[in-house]
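Enquirer: Have a look at this prediction, sequence included:
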Amino acid sequence: MNAKTVILIALVLLWAGTVSQAQSTALFTDAFTEDTAPWTNLGGGTIAITHQASDLPPNAKGALVFNYTVNPQKQGANNALPFQVLIRPVKQGTLASLQAIRFQAYSDIGSPFICALSEHQGGRYLQVFWLPPKTWQEITLYPKDFWLSDNKGDPPDPDGKLDLDQIEAIGIVPVSTILSAFMGTDPQIVGILQPSSGQHTLRLADFEALSNDTPVPSTPRLPDDEKGVWIDPLNQDAIHWFLIGSQEMQYDPHPPFPDRALAVHYQQGPDRLILLLHDLHRVAMGNTDRIVFQAAAEKGVRLAVSLQMKDGARYFQIVDIPGDSKPTTVSVNIAAMQPAPDSQEALSHPIDTNQLTTLILADISFLFGQPEQHNTIWIGPVRAVQQTIGPKTSK
């Protein structure tokens, strides 16, 4: 290859790189170099700006510091808002061409957070992201992944879809403050939240809203013998699961089976309940009949696979995950799931896959006399499928 050809290729690559960089346009960028504006906080806590290099991710000039408190034994009735939240007002129309929200975030503990988009005279749309402890994490959230919050007391949405030009605020909420406020008197929830009690810190840096040709991760194909939908193919950098009862969860690129997986590290033992939850509002499960994923565990696990409907009805099936990191395929027949004993709604009607809101995976080994021990469980990409080729054994 002669020098002229090398120079030509270099110029083409440079031009392509310049075009690629120009394709993502920032609708706004908050670099947190001067003060906290336009961000504010509601429901308690404090906010400030830091320029201390040790508190910042690489190349950032400043960060927003949000100090909040988790107290699972005290209700938030005396506050105007029962949980604590960061709010960033947005002028209507600013985000009409939004394709991604991108920022860097740091939490002193492993914890789930919610990003909320609020419409003017409309609904509140949510997306979950997980932050590992004491690590800066880049988070990218896409409008297609937000779902309408339809809990009691949530504002209704006239057209039932996210209208980007009507967004008037972005909120960031520590999930632990929600659980603390609304479930703080439940002894089991108090026990689950106790390790997270006290004051904690969330930092945000380089918070920006992007438009134009911001790339969106492509959805992988399902296995050839399956028809259905992905619940989570685990193909994004950020983790979009709630984890309750532990603070240690991350992607593992080399799990005991040949795929990417979530790895959750936790203590098993008496009264130790571990919950892993994923939202289903945006998953069209109406024509599916099974939940399928790969799993493995260091120690044996009795795993309750549960589905919850909009009216609160919950259904479950218990599957065994063997120990010694031996991989297994979990394939749960949705129609064969049993009503949860404490769910009166589930006892009154059968499961309806068109009304599902949440997938819950729970280690309930403590109910079967599991001794105190450390464990790791791996969960691979999760899908809802319609069985089409060959029988599969339900575990």
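Expert: Yep, that arrived.
Enquirer: switch to C-alpha atoms for all contacts and neighbour counts from now on
Expert: OK.
Enquirer: right, and residue 40 touches residue 49 too?
Expert: No - at 11.8 Å, residue 40 does not count as touching residue 49 under the criterion of C-alpha atoms under 8 Å.
Enquirer: Need the single longest strand in the chain, by residues.
Expert: For the chain, the longest strand by residue count, based on DSSP state E, is strand 198-212.
Enquirer: Just after it, pick out the following helix or strand.
Expert: strand 226-232 (DSSP states H and E).
Enquirer: Tell me the buried residues in that next one?
Expert: Neighbour counts using 16 or more other C-alpha atoms under 10 Å place 227, 228, 229, 230, 231, 232 of strand 226-232 among the buried residues.
Enquirer: Return the helix or strand where residue 294 lies as PDB; C-alpha atoms alone will do.
Expert: Assigned by DSSP H and E, residue 294 falls within strand 290-297. Listed in PDB are the C-alpha atoms of strand 290-297, where the atom choice follows Å, rounded to 0.1, in the frame of the first residue of the first chain:
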ATOM      1  CA  ARG A 290     -43.200 -19.400  28.800                       C
ATOM      2  CA  ILE A 291     -40.400 -17.400  30.600                       C
ATOM      3  CA  VAL A 292     -37.000 -18.700  29.500                       C
ATOM      4  CA  PHE A 293     -33.500 -17.900  30.700                       C
ATOM      5  CA  GLN A 294     -30.200 -19.500  31.600                       C
ATOM      6  CA  ALA A 295     -29.100 -19.500  35.300                       C
ATOM      7  CA  ALA A 296     -26.400 -20.900  37.500                       C
ATOM      8  CA  ALA A 297     -25.400 -20.500  41.200                       C
END
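Enquirer: Give me the next element, helix or strand, following that strand.
Expert: Trace forward from strand 290-297 with DSSP H and E and the next one is strand 301-309.
Enquirer: what pairs with the helix or strand that comes right after that next one, and is each one parallel or antiparallel?
Expert: As assigned by DSSP H and E, the chain's next helix or strand after strand 301-309 is strand 314-321. Strand 314-321 has its sheet partners listed here by DSSP bridges as strand 301-309 (antiparallel), strand 338-339 (antiparallel).
Enquirer: Show me the one of those strands that comes nearest residue 240.
Expert: strand 301-309 (17.1 Å; C-alpha to C-alpha).
Enquirer: Give me the contacts around that closest one.
Expert: With contact meaning C-alpha atoms under 8 Å, 6 or more residues apart in numbering, strand 301-309 is reached by 314-323, 332, 351-352, 355-365.
Enquirer: follow-up on the earlier one: any idea how far the strand holding residue 294 is from the middle of the chain?
Expert: Distance of strand 290-297 from the chain centroid (C-alpha atoms, centre = their mean, to the nearest Å) equals 18 Å.
Enquirer: Residues touching it, excluding its own?
Expert: Here strand 290-297 has contacts from 256-257, 321-334, 375-387, using C-alpha under 8 Å, 6+ apart.
Enquirer: and the angle from the helix or strand encompassing residue 118 to strand 198-212?
Expert: Using DSSP H and E, residue 118 sits in strand 111-119. Going by axes from the mean of the first three to the mean of the last three C-alpha atoms, to 10 degrees, strand 111-119 is angled at 50 degrees with respect to strand 198-212.
Enquirer: before we move on, back to that, tell me the strands beside the strand holding residue 294, with direction?
Expert: strand 328-333 (antiparallel), strand 373-379 (antiparallel), strand 382-387 (antiparallel).
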